[in-house]
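Peer 1: need coordinates for the below:
(3 chains)
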Amino acid sequence: MKHYTSINDIDNIDSWIEEAKALKLMPLKHIDLGKNKTLGLLFFNSSLRTRLSTQKAALNLGMNPIVMNVSGDAWGLEFEDGTVMNGNTAEHIKEAAAVVSQYCDIIAVRAFPTLTDKAKDESEQVLEAFKKYASVPIVNMESATGHPLQALTDAITISEFSKKKKPKVVLSWAPHIKALPHAVANSFTQAMQKMDVDFVITNPEGYSLSLEITKDTPIIHNQEEAFKDADFVYVKNWSSYEDYGKVENKDPNWMITKEKLGNAKFMHCLPVRRNVIVEDAVLDSDSSIVIQQANNRTYAAQLVLKKILESNK
Amino acid sequence: MKHYTSINDIDNIDSWIEEAKALKLMPLKHIDLGKNKTLGLLFFNSSLRTRLSTQKAALNLGMNPIVMNVSGDAWGLEFEDGTVMNGNTAEHIKEAAAVVSQYCDIIAVRAFPTLTDKAKDESEQVLEAFKKYASVPIVNMESATGHPLQALTDAITISEFSKKKKPKVVLSWAPHIKALPHAVANSFTQAMQKMDVDFVITNPEGYSLSLEITKDTPIIHNQEEAFKDADFVYVKNWSSYEDYGKVENKDPNWMITKEKLGNAKFMHCLPVRRNVIVEDAVLDSDSSIVIQQANNRTYAAQLVLKKILESNK
Amino acid sequence: MKHYTSINDIDNIDSWIEEAKALKLMPLKHIDLGKNKTLGLLFFNSSLRTRLSTQKAALNLGMNPIVMNVSGDAWGLEFEDGTVMNGNTAEHIKEAAAVVSQYCDIIAVRAFPTLTDKAKDESEQVLEAFKKYASVPIVNMESATGHPLQALTDAITISEFSKKKKPKVVLSWAPHIKALPHAVANSFTQAMQKMDVDFVITNPEGYSLSLEITKDTPIIHNQEEAFKDADFVYVKNWSSYEDYGKVENKDPNWMITKEKLGNAKFMHCLPVRRNVIVEDAVLDSDSSIVIQQANNRTYAAQLVLKKILESNK
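Peer 2: This is a model prediction of the structure:
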């Protein structure tokens, strides 16, 4: 494996899950693997879990993490080709990516979508530029359209908590006050499509994800119907994909309640707005496994870094 | 010891002082104690000494420090229970503290008071929330009402520089242009009350600290009288406690001068505004021990981390 | 060597270049030299290459880097003597430098010029204050008037790529939209004056650097004439020195083109604005060695840190 930028970089999700569980049991087993190697974590956007868990994963492998908030610590980067750079950007990604590659053995990047320019977001301009111009492996810490470290985390968590051979997993949209990206929902959908689960998506009319992502996954617009016999309910808001990036629906009836959830486990990538996305009663109950889920962020990242380090030995 | 959030977490200040002095002589003696353990340093406010000395202390114990400016690097956290989170906060402390606990073996937190809401500040909302919802030990890097790492530092420094069995220590208010917290003065007062020193406080009328802190400590409103025969003068501005958080007095006559100080040693937690709090002549003389005092920040933090690591082995 | 704050701290540039090349071949050879030692990197201004490469250099020597953005992470520092500090600065450099010296074995500082107050900038107020009040070695990560880590990098790079005993090196001004410092151009000039190269500077009339820097180096106002038979063209914008800090010339005819460059190698410290300073065709060709140049930042910094560590053993 060269890069880890999409859930499609996982060749066999079941074996990856087993490897991640093994790492979780002995997180320091490979502490010499990354010795004297550097992981550069470049943030174009805010981060808590990803920031800390990816550093922790690197440390568990003996790597030295170097963190940089690109805009705050450095300056605006240019991603367009052929521009006359007499505006707000001071350095082109061609130079930046090539240069950083010389100081870091692996570069991890977080770069959210514009949510105003669908074509640009779907081209994964920032992530693809790093892949093109960096000379070292790139890890996606959430890009315009995907969050594959989160989705691997989610797959591990479902495997850990599942009591059935083939559990029913529901991805449910929930209301939110601000326009949020599709990245988490997209990658989760792709991960579930690779696993042996009964997977359905529920969202309001007009709020479906890209058809290129959902493919044959059933989309049910009746949340109650979708939740029937669910083992896992994975909740996430996203802004409209059709009317790209718009918040056209804040219907509180889509908020997740204890009653709706039934016996299913509640999952969310966090951060989660309480009593907007989900009521307190869910998060404060044993039905919620969001904390255990977040813990697996470390082992998902560690597995990815380990595979990259091993591929480049 | 589970947490270190208050000066009251010190069981025996004299033995702690001796242990800190021993660490200072051989700072790397326990370099294996914190091996592969992570200290998360979460800053809700600015920091120089605390930021650097706490990292240094962690490194001396072989720990990996991970620093995060919460607001800048992540987002606003919610501390109220039951809120409908449709405002500026994106994550509840319940999730944040539980999650971070999974990436860090110890969490150190700096969170200043509002200085507008006395009840909220005295409830130590942020610190208490971390204690409640985190599953790992919490270290106070200055909270709404206390700065126990600083006070331990101060106790060590007084012990080092004292030539008497029972020195006279004066805590003096001094003028400042902005509203400052009571945390340093509170914890210093509590530390002195635990030590075998002759301790008095001097501040203008109407500027006394909380009676729950000062207890039986004499409060003298005549600075000159208070300074008589002092061995150590510890200086700090604080905003009004009675008229909570207000700056009602900027009387330059309370500024510390070489003449006032006499033979006493001058102490201050820093940062200090020259020629507002204290005149240059004091800071630039041998009477000032603020630099040596700041050096002890490392060993105070290192002792606290060491005790926590040892308690959790 | 105590500090590394100017190119004049290099006693023998040829032997330094050879030492740096040796480090580059075996970067981890001295991994024990900096063990348990801390490098504090203090940024008063933005940084990408310097931030990352200096950390990488420290890690290669086994040091622990601690990074701080002074203004964002802490507060405004005061550099004037005798000030009544009732304004925006909260701590005097006298305290700050002395204190940080107790947590860090070496302090590296980046502090750009005002570009409005020539006398202040030329006094190197910030850097000199650190040298004066810190008790540990100071490394200049770009100050008001010099960038000696960059210039050492440049000397190494020219040595690596030179095919002649005495190559012709041209420093060329190029247009830019904002007022930029003279630091890189100054230190590069000083480095070239120490090397066995045929060195000339070309810039528009009225845009010459300080005579105290350029000394006997020929300054040619005709760019085409200056570039004749050049082996290396080092490009950099700077604001007017005569009419200090002003941008009086943005003449696009001074932009570097493939045609102008001929067979010379193109060098730039980066970040570089494409199609303002230099056209894409240059940067995207083999004539450009800016990426290899940036790589040498690590070894320049590593050599400096190594020399300081060895001097203080």
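Peer 1: contacts only, for residue A:89.
Peer 2: By C-beta atoms under 8 Å, 6 or more residues apart in numbering or on different chains, the residues touching residue A:89 are A:75-78, A:83. In short, each C-beta sits where N, CA and C put it, glycine included.
Peer 1: tell me the pLDDT at residue A:24?
Peer 2: Among the per-residue scores, residue A:24 holds a pLDDT of 98.
Peer 1: how far does the longest helix along chain A sit from the chain's center?
Peer 2: For chain A, the helix that runs over the most residues, judged by DSSP state H, is helix A:290-311. With C-alpha atoms, centre = their mean, to the nearest Å as the basis, helix A:290-311 stands 12 Å off its chain's centre.
Peer 1: which residue does the stretch 151-300 of chain A bring closest to chain B?
Peer 2: For the stretch 151-300 of chain A, the residue positioned closest to chain B under C-beta to the nearest C-beta is residue A:271, at a distance of 3.3 Å.
Peer 1: and that residue, how far is that from residue A:49?
Peer 2: With distances taken as C-beta to C-beta, to the nearest Å, residue A:271 is found 8 Å from residue A:49.
Peer 1: what about these two, which has more around it?
Peer 2: Neighbours per residue (other C-beta atoms under 10 Å in any protein chain shown) separate residue A:271 from residue A:49, with residue A:49 holding more: 26 against 23.
Peer 1: what distance do you get for the more buried one to residue B:68?
Peer 2: 11 Å.
Peer 1: thinking again about what came up before, can you tell me the SS state at the residue of the stretch 151-300 of chain A closest to chain B?
Peer 2: coil (DSSP: H, G, I helix; E, B strand; the rest coil).
Peer 1: got the residues of the stretch 1-150 of chain A near chain C?
Peer 2: By C-beta under 8 Å from any C-beta of the partner chain, the residues of the stretch 1-150 of chain A that approach chain C are A:36, A:38, A:40, A:64, A:66, A:68, A:72-75, A:78, A:81-86, A:90-92, A:94-96, A:98-100, A:102-104.
Peer 1: just the buried ones from the residues you listed?
Peer 2: A:38, A:40, A:64, A:66, A:68, A:73-75, A:78, A:83, A:85-86, A:90-92, A:94-96, A:98-100, A:102-104 (16 or more other C-beta atoms under 10 Å in any protein chain shown).
Peer 1: in helices only, show me the residues of the stretch 1-150 of chain A next to chain C.
Peer 2: A:72-73, A:94-96, A:98-100.
Peer 1: overlap between those and the residues near chain B?
Peer 2: Answer for these near chain B (C-beta under 8 Å from any C-beta): residue A:72.
Peer 1: going by distance to residue C:17, which of the ones in helices among the residues of the stretch 1-150 of chain A next to chain C wins?
Peer 2: Closest approach to residue C:17 among those (C-beta to C-beta): residue A:99, at 21.0 Å.
Peer 1: next up, the contacts around the residue nearest to that closest one when sequence neighbours are not counted.
Peer 2: Ranked by C-beta to C-beta, 6 or more residues apart in numbering or on different chains and with sequence neighbours excluded, the top spatial neighbour of residue A:99 is residue C:294, at 4.4 Å. Residues in contact with residue C:294 (C-beta under 8 Å, 6+ apart) are A:95, A:98-99, A:102, C:49, C:53, C:153, C:270.
Peer 1: how about residue A:107?
Peer 2: Applying C-beta under 8 Å, 6+ apart, the residues near residue A:107 are A:39-40, A:42, A:97, A:100-101, A:130, A:134, A:136-139.
Peer 1: spell out which parts of chain A neighbour chain B.
Peer 2: Residues of chain A lying near chain B (C-beta under 8 Å from any C-beta): A:28, A:31, A:43, A:46-49, A:51-53, A:55-56, A:59-60, A:69, A:72, A:177, A:270-276, A:280, A:283-284, A:290-291, A:294-295, A:298.
Peer 1: just the buried ones from these?
Peer 2: A:43, A:46-49, A:51-53, A:55-56, A:59-60, A:69, A:270-276, A:280, A:283, A:290-291, A:294-295, A:298.
Peer 1: can you pull up the bridge partners for the residue in the stretch 1-150 of chain A that chain C sits nearest to?
Peer 2: In the stretch 1-150 of chain A, the residue found nearest to chain C is residue A:91; the distance is 3.3 Å by C-beta to the nearest C-beta. Residue A:91 has the following beta-bridge partners by DSSP bridges: residue A:77.
Peer 1: so how far is chain B from it?
Peer 2: To chain B, residue A:91 is 22 Å away according to C-beta to the nearest C-beta, to the nearest Å.
Peer 1: isn't that residue right next to residue C:272, touching?
Peer 2: Yes - using C-beta atoms under 8 Å, residue A:91 makes contact with residue C:272 at a distance of 7.1 Å.
Peer 1: in chain A, which spans are helices?
Peer 2: Using DSSP H, the helices assigned to chain A run over residues A:13-25, A:49-60, A:70-73, A:93-100, A:118-122, A:125-133, A:148-161, A:183-194, A:211-214, A:223-227, A:258-261, A:280-283, A:290-311.
Peer 1: which of the ones you listed sits closest to residue C:1?
Peer 2: Using C-beta to C-beta, the helices of chain A put helix A:93-100 closest to residue C:1, at 27.5 Å.
Peer 1: check which helices and strands the closest one is in contact with.
Peer 2: strand A:77-78, helix A:125-133, helix C:290-311 (3 or more C-beta pairs under 8 Å, 6 or more residues apart in numbering or on different chains; DSSP states H and E).
Peer 1: re earlier: hey, least reliable of the helices of chain A by pLDDT?
Peer 2: helix A:70-73 (a mean of 88).
Peer 1: that one: how far from the chain's middle?
Peer 2: Helix A:70-73 sits 22 Å away from the centroid of its parent chain (C-alpha atoms, centre = their mean).
Peer 1: tally of neighbours for the residue nearest to residue A:267 when sequence neighbours are not counted?
Peer 2: Nearest non-adjacent residue to residue A:267, counting by C-beta to C-beta, 6+ apart: residue A:234, 4.5 Å away. Other residues near residue A:234 number 26, with proximity taken as other C-beta under 10 Å.
Peer 1: quick one: contacts for residue A:234?
Peer 2: Residue A:234 makes contacts with A:154, A:169-172, A:188, A:267-268, as judged by C-beta under 8 Å, 6+ apart.
Peer 1: ok, those vs chain C, which is closest?
Peer 2: Chain C has its nearest neighbour among the contacts of residue A:234 in residue A:268, at 30.9 Å by C-beta to the nearest C-beta.
Peer 1: for that closest one, give me its contacts.
Peer 2: Contacts of residue A:268 (C-beta under 8 Å, 6+ apart): A:234-236, A:277-278, A:290, A:293.
Peer 1: farthest-separated two in those?
Peer 2: Spatially, the most separated pair among the contacts of residue A:268 is A:277 and A:293, at 14.6 Å (C-beta to C-beta).
Peer 1: out of the two, which sits in the busier spot?
Peer 2: Using other C-beta under 10 Å, the more surrounded residue of residue A:277 and residue A:293 is residue A:293, with 26 against 23.
Peer 1: how near is the residue nearest to that one when sequence neighbours are not counted to residue B:306?
Peer 2: Computed as C-beta to C-beta, 6+ apart, the closest residue to residue A:293 that is not its neighbour in sequence is residue A:157, at 4.5 Å. In this view, residue A:157 and residue B:306 are 35 Å apart by C-beta to C-beta.
Peer 1: neighbour count winner among the two?
Peer 2: Ranked by neighbour count (other C-beta under 10 Å), residue A:157 and residue B:306 place residue A:157 first, with 25 against 21.
Peer 1: cheers, nothing more for now.
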